[in-house]
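Trainee: 3D, please:
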Amino acid sequence: MNVGKNKDVQRDPLTKLQREFVDLFLNNPELNATECVRRSHYNTKYPDKWASQLLGNPRVIKEIKKARERRQKRTQISQDRVLEELARLGFSNIKNYIDRSGMDFITFKDIEKIPEEAARAISSIKVKKKGKEQSIEFKLHSKDKALDMLGQHLGLFDGKHGIKGEILLKIVSKIPRSKEKEKKKEENADSNPKTS
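Mentor: Below you'll find the predicted structure:
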């Protein structure tokens, strides 16, 4: 029996603790890096420092990037798809969901008549019956939250795209004097000659 190393078996570039950290970091988006260090059995009083070191380690970063790429390929979820969906929610329009017959009468469109893109923005639909009357209530996903997330992605709210600081503005202008003032100035100069 050959006990030597098998060339086909790839060696994990990470230590056991690093692998545990990466797995927690990728599979628990609600946890920050410091919390992932705490849960990864690192025996340290300074999990924040370890988290910083781990996220600065090229092998750890490479593994996180590779795992995200594999997940993206597997799920077919890309940044573009997420942004497109946020845009659908953020730019949804009430006109896609109602028909207006006259000034006082509004009806909801049949769900089959709502375009697919618009239907994705619907959060919930409730049908309420009271006696012979029926009412329909529907909610759209939060436009505010979707637009906020899009704005953050585009850097609209971080101050980097705005102008900050002071601008020094110096205006120098010659205002033409009236001809009368010019004549008086010349007359004064003639009547009071400079003595040397």
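Trainee: what's the spacing between the closest residue to Ser101 other than its chain neighbours and Ser124?
Mentor: Once flanking residues are discounted, Ser101 sits nearest to Thr107: 6.7 Å by CB to CB, 6 or more residues apart in numbering. Using the backbone N, CA and C atoms, a C-beta is placed for each residue, glycine as well. Distance of Thr107 to Ser124, given as CB to CB, to the nearest Å: 19 Å.
Trainee: okay but the residue nearest to Ser101 is in contact with Ile98, surely?
Mentor: Yes. When contacts are counted by CB atoms under 8 Å, Thr107 is listed as touching Ile98 (6.8 Å).
Trainee: the more surrounded of the two?
Mentor: Each of Thr107 and Ile98 has its neighbours counted (other CB atoms under 10 Å); Ile98 has more, 13 against 10.
Trainee: All the strands of this protein, in order from the start?
Mentor: Ranges of strands in the chain, per DSSP state E, are 98-101, 105-108, 122-130, 133-140.
Trainee: any idea how far the longest helix along the chain is from the chain center?
Mentor: As assigned by DSSP state H, the longest helix anywhere in the chain is helix 58-75. Relative to its chain's centre, helix 58-75 lies at 21 Å (CA atoms, centre = their mean, to the nearest Å).
Trainee: Now do Ile64, the pLDDT please.
Mentor: pLDDT for Ile64: 92.
Trainee: mean confidence score for stretch 111-119?
Mentor: Averaged across stretch 111-119, pLDDT comes to 88.
Trainee: low pLDDT regions in this protein?
Mentor: When residues are selected by pLDDT under 70, those of the chain lie in 1-10, 102-103, 158-186, 188-196.
Trainee: let's go with 80 and repeat that
Mentor: Within the chain, the segments meeting pLDDT under 80 span 1-11, 100-107, 136, 155-196.
Trainee: What are the structural domain limits within it?
Mentor: Per the record, the chain has its domains at 16-77, 87-145, by automatic domain parsing.
Trainee: do you know how far Ala121 is from Ile61?
Mentor: Using CB to CB, Ala121 is found at 36 Å from Ile61.
Trainee: Same drill for these two, tell me which one is more crowded.
Mentor: Ala121 (22 against 13).
Trainee: got the contact list for the more buried one?
Mentor: Shown in contact with Ala121 (CB atoms under 8 Å, 6 or more residues apart in numbering): 88-89, 92, 140-141.
Trainee: cool, Ser52 as well?
Mentor: Residues near Ser52 by CB under 8 Å, 6+ apart: Ala33.
Trainee: From Phe21, how far off is it?
Mentor: According to CB to CB, Ser52 and Phe21 sit 12 Å apart.
Trainee: Thanks a lot, catch you later.
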